[in-house]
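J.: I need the structure of the sequence given here:
(one chain, ligands or ions: 1)
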Amino acid sequence: MALKYYHAEPLANSLKSMVPLKEKGLAYESVYVDLHKFEQHSDWFVAINPEGQVPVLDHDGTIITHTTVINEYLEDAFPDANPADGPLRPRDPVGAARMRYWNKFVDEHVMNYVSMHGWHRLVGVIARNIDSGDFEELMAHVPLPDQRKKWMTARSGFSEADLAHATEKVEYALAKVEKQLGETAWLAGDSYTLADINFFSHCGMMVERMFPEMEIAKRAPRLVAWREKMKARPAVAEALKSEDRTAPGLRTWSGDR
Ligand SMILES: N[C@@H](CCC(=O)N[C@@H](CS)C(=O)NCC(=O)O)C(=O)O
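T.: Numbering: from 1, shown residues only. This next block holds a predicted model:
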């Protein structure tokens, strides 16, 4: 059995499937894809994932993409490799449904909005530093039309209205999670699941730095306590420590590792 994980820095989607690999104690070969060099759109990588995005799981030559799919795949392919406190996907139908409800919420209503602010702060700087002809040449290699548009918008700047809408979505999500954590220890109930890993990967580490004005410690103390509990898990700590090749000047929003 051979697993290969193609990923960028341990943040957002790249972190989201790295944590389950580590929680399940699965040995894998780590392949770093340098987003700063646009390696995700290069011929060798697009031959592996035609959508030109990380992360990607290769299990004995079978390619699995999209983090929520990868994470459920790992549960199906390796049902007996579980952390000591139980499986990452509850075995009872209600628990599994709750986990999927939160995954759907994070995937559809959180990820892209946090990402827009991240791109606004970080990717915009990278995109604007590329000379005009070179930028168009790079864009010609972006396989997903929406992603190409996002790169072009990052270069010209996201509109204030879009950024404000994204901020509203993040505020709504933080309040929703804070409320849930008042009712259950983890997002999907009494056990730690893929839903916690999902929200943590997108919102856990960087949100306070990205939105200092939200005063998250004050407004969401349960979320902050939950985040510390997440960071204290050895698998999460190990994933966060894993190789980070981001240029130091660009690490401004990538969490407090
Ligand atoms: N829905 C996908 C999203 C993957 C995604 O957005 N990946 C980002 C990194 S977090 C990426 O590859 N960005 C580079 C690009 O699109 O050029 C997933 O869950 O894996």
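
J.: show me which residues of the stretch 101-250 of the chain sit near the ligand.
T.: Q147 (C-beta under 6 Å from any ligand atom). C-beta coordinates here come from the backbone N, C-alpha and C atoms, glycine included.

J.: tell me the contacts of the residue in the stretch 101-250 of the chain positioned nearest to the ligand?
T.: Nearest residue of the stretch 101-250 of the chain to the ligand: Q147, at 4.3 Å (C-beta to the nearest ligand atom). Counting by C-beta atoms under 8 Å, 6 or more residues apart in numbering, Q147 makes contact with 52-53.

J.: next one: K22
T.: Per C-beta under 8 Å, 6+ apart, neighbours of K22: 235-236, 238-239.

J.: report pLDDT for it.
T.: pLDDT recorded at K22 is 98.

J.: from the chain's centre, how far out does the helix or strand hosting it sit?
T.: Using DSSP states H and E, K22 sits in helix 12-23. Centre-to-centre, helix 12-23 and its host chain are 8 Å apart (C-alpha atoms, centre = their mean, to the nearest Å).

J.: ok, now stretch 97-111?
T.: Worked out by C-alpha atoms, centre = their mean, stretch 97-111 lies 13 Å from the chain centre.

J.: quick one: average pLDDT of it?
T.: Mean predicted confidence for stretch 97-111 is 98.

J.: list the contacts of it.
T.: Here stretch 97-111 makes contact (C-beta under 8 Å, 6+ apart) with 12-13, 68, 89-90, 169-170, 172-173, 176, 187-189, 193-195, 198-199, 202-203.

J.: run the last query once more with 10 Å
T.: Residues from elsewhere that reach stretch 97-111 (C-beta atoms under 10 Å, 6 or more residues apart in numbering): 12-13, 16, 66-68, 71-72, 75, 88-90, 92, 114, 169-170, 172-174, 176-177, 180, 184, 186-189, 191, 193-203, 207.

J.: among the residues you listed, name the buried ones.
T.: Using 16 or more other C-beta atoms under 10 Å as the burial test, those include 12-13, 16, 66-68, 71-72, 75, 88-90, 114, 169-170, 173-174, 176-177, 180, 186-189, 191, 193-203, 207 as buried.
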